[in-house]
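Novice: Just the structure for this:
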Amino acid sequence: MSAVVLRDEEPIYSEPSAKSPRRGTAIRAARLPLFGARLGPGCAKRWLFVGPNAWICEDGATPSSQPPLALDAPVEATPLGLPHRYFFVSKEGSFGYR
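Specialist: Modelled structure (predicted):
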């Protein structure tokens, strides 16, 4: 079983709550290992348990019968030829987020 991420930059939290500390971000179409699910605040559906202290809201991911991606799975390059999108912030900070 896996959880397939449906949106770009989907947040992963350290507990099944949108108010818990953010643990990371998942890229769209990633297949994360799925260990369990439970209801919790800040998610209309269930929170999916995808790793140690790692929960993703089912609003942005869906359970799948496919296996999770292997850790050494190849990463497709972006249009710029890099494996990820990169952003830079000046010492004045950032003016906003999408």
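
Novice: show me what contacts the most centrally placed residue in the chain?
Specialist: By Cα atoms, centre = their mean, the mean C-alpha position of the chain lies nearest to Ala26, the distance being 2.6 Å. Shown in contact with Ala26 (Cβ atoms under 8 Å, 6 or more residues apart in numbering): Val5, Glu9, Glu10, Pro11, Ile12, Leu32, Ile56, Ala61. Bear in mind the C-beta positions are built from the backbone N, C-alpha and C, glycine included.

Novice: in the strand or helix carrying Phe49, what's buried?
Specialist: Here Phe49 sits within strand 47-51, counting by DSSP states H and E. For strand 47-51, burial by neighbour count (16 or more other Cβ atoms under 10 Å) applies to Trp47, Leu48, Phe49, Val50.

Novice: possible to save those residues as TSV with pLDDT and distance to Leu39?
Specialist: Shown next, in TSV, are these (pLDDT from 0 to 100; distance: Cβ to Cβ, whole Å):
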residue	pLDDT	distance to Leu39
Trp47	98	7
Leu48	98	11
Phe49	98	12
Val50	97	16
